[in-house]
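A.B. asks: just to be clear, the model below is a prediction. Sequence and coordinates:
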Amino acid sequence: MIATELTRLLQIEHPVLSAGMARVAQADLVVAVSEAGGMGCLGGVSFMPDALRAEIRDIRSRTSKPYAVNLLLPESLTTEDEATWAPVRELWDAMSPAQRTKLAGVQALLTPGAVTDQVQVVLDEAPPVVVLTFATPSWFIDAARSRGILVGAMVGSIGGAQRAAASGIDFLIAQGTEGGGHTGHVATMALTPAVVDTVDLPVAAAGGITDGRGLAAALALGAQAVWVGSRFIATPEAYGHDAFKARVLAGHSRDTVLTKSYTGKPLRAFRNQWTTKWEGDPSSVRGFPGQYAVAGERVETGYQDGDLDWGMMPIGQGVENIHELTPAGDVVTSMVAEAEAIIGALARSTTTSVE
Ligand SMILES: Cc1cc2nc3c(=O)[nH]c(=O)nc-3n(C[C@H](O)[C@H](O)[C@H](O)COP(=O)(O)O)c2cc1C
């Protein structure tokens, strides 16, 4: 049993949090992780508001354990300013109905007002925990707090950690550049202790963590839990095409690339023909979220159709250490058992060498 200040705050048994991965982390994965004693996080950004409400209710009907919902609240998504939305609207309007259907998973990020409606749904449904990415607006934190919702924030830099801590959140996730999805430039090994030393809040480590060795290392760095994305793709409960999961099992760290070609922000994904095409033309990449619309069908065809050449497939460098499709609950329990064994063995070997 590994108990920390963060497991006590979140009221969970094990210090393993599954990442709120858009598309991949739907109710099945969240329930499996929470039921195993970790904390599952719903990839909330990929749901239009009504679907988000249904998904949260589905989770609540299947587990009484704590779970989280991830939201992206940068001003570019919550603003009602017409001029800000104009370029996105123009790209959306130019699409065929079939193309729009393919973009269902990110439609909320391309629809003015949808993220604000997601927020209202989350506040109404009041999940135990919300994890924010990109921004920690005080209007949301105040509203969440008044409903008893704990708020965590994912950051990729010391500056981001300081800003998030000052906004009044309850815990932080320090995500190193190894991680899959949107990520910064500092490695987990350097970022985690620096964030722990900078803020007076519990910190979870993320980026490149796939097993008990990673959990033990994160605890040694001062983290109080791990936030794990890529490892949970290789589970039966994760949403995603079998070809995508097979690519994960066969993947190497060198197969990943940090690219703005899907979303306009740096995102670690499998390198393929789409990312390589944009490497030669970085200046024409649109900003976030407009590049989603430029990438169009590419955003969905990876997860949905298993299009390995042209589809978006976020993945971290830890893919090198993922070899088996494993039930999500077993990922949680084996990670904890392995970390406990490592910590016990290290303690014994240290005692022996001192004697
Ligand atoms: C497929 C995939 C989708 C992701 N989607 C999101 C997301 O919607 N929101 C978010 O905050 N982070 C997202 N991330 C990043 C994760 O939250 C997490 O920080 C990262 O996966 C940790 O690194 P790891 O993949 O090495 O475990 C995603 C990551 C992956 C692999």
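C.D. replies: Great, that's in hand.
A.B. asks: quick one: the helix or strand encompassing residue 69 near the ligand?
C.D. replies: In the assignment (DSSP states H and E), residue 69 maps to strand 68-72. Yes - between strand 68-72 and the ligand, judged by Cβ under 6 Å from any ligand atom, the touching residues are residue 70. All C-beta spots, glycine's among them, are computed from the backbone N, C-alpha and C.
A.B. asks: give me the number of residues near residue 202?
C.D. replies: 22 (other Cβ atoms under 10 Å).
A.B. asks: where's it relative to residue 273, distance?
C.D. replies: Distance, residue 202 to residue 273, using Cβ to Cβ, to the nearest Å: 42 Å.
A.B. asks: report the contact partners of the closest residue to the ligand within the stretch 151-300 of the chain.
C.D. replies: Using Cβ to the nearest ligand atom, the single residue of the stretch 151-300 of the chain nearest to the ligand is residue 229, 2.0 Å away. Neighbouring residues of residue 229 by Cβ atoms under 8 Å, 6 or more residues apart in numbering: 18, 19, 21, 24, 179, 180, 181, 206, 314, 316.
A.B. asks: quick one: contacts for residue 225?
C.D. replies: Per Cβ under 8 Å, 6+ apart, neighbours of residue 225: 4, 6, 7, 10, 15, 16, 17, 202, 204, 205, 218.
A.B. asks: just the buried members of the residues you listed?
C.D. replies: 4, 6, 7, 10, 15, 16, 17, 202, 204, 205, 218 (16 or more other Cβ atoms under 10 Å).
A.B. asks: tell me which element the second one falls in.
C.D. replies: In the assignment (DSSP H and E), residue 6 maps to helix 5-10.
A.B. asks: so the following helix or strand past that helix, near the ligand or not?
C.D. replies: Downstream of helix 5-10, the first helix or strand assigned by DSSP H and E is strand 16-18. No - if you take Cβ under 6 Å from any ligand atom as the test, strand 16-18 misses the ligand, and the best it gets is 9.0 Å.
A.B. asks: pLDDT on strand 16-18, on average?
C.D. replies: What strand 16-18 shows for mean pLDDT is 98.
A.B. asks: gap between that strand and the chain center?
C.D. replies: In terms of Cα atoms, centre = their mean, to the nearest Å, the centre of strand 16-18 is found 10 Å from the chain centre.
A.B. asks: got the CA coordinates for the helix or strand just after it in CSV?
C.D. replies: Next helix or strand after strand 16-18 toward the C-terminus (DSSP H and E): helix 27-35. Provided in CSV are the C-alpha atoms of helix 27-35 (Å, rounded to 0.1, in the frame of the first residue of the first chain):
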residue,chain,number,x,y,z
ALA,A,27,-16.2,5.7,-19.5
ASP,A,28,-15.0,2.1,-19.8
LEU,A,29,-11.4,3.1,-19.1
VAL,A,30,-12.3,5.5,-16.3
VAL,A,31,-14.4,3.0,-14.5
ALA,A,32,-11.8,0.2,-14.8
VAL,A,33,-9.0,2.4,-13.3
SER,A,34,-11.2,3.8,-10.5
GLU,A,35,-12.6,0.4,-9.6
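A.B. asks: got the angle between helix 27-35 and strand 68-72?
C.D. replies: 130 degrees (axes from the mean of the first three to the mean of the last three Cα atoms, to 10 degrees).
A.B. asks: what pairs with whichever helix or strand comes after helix 27-35, parallel or antiparallel?
C.D. replies: Scanning forward in sequence from helix 27-35 by DSSP H and E, the next helix or strand is strand 41-42. Sheet pairing for strand 41-42, assigned by DSSP bridges, gives strand 68-72 (parallel).
A.B. asks: and the partner strand, how far from the chain's centre?
C.D. replies: On Cα atoms, centre = their mean, the centre of strand 68-72 falls 9 Å from that of its chain.
A.B. asks: mind listing what's buried in that strand?
C.D. replies: 68, 69, 70, 71, 72.
A.B. asks: of all these, which comes closest to the ligand?
C.D. replies: residue 70 (4.9 Å).
A.B. asks: was I right about the closest one contacting residue 44?
C.D. replies: Yes - here residue 70 reaches residue 44: they are 5.0 Å apart, a contact under Cβ atoms under 8 Å.
A.B. asks: residue 291 against residue 260, yeah?
C.D. replies: Yes - at 6.7 Å, residue 291 counts as touching residue 260 under the criterion of Cβ under 8 Å.
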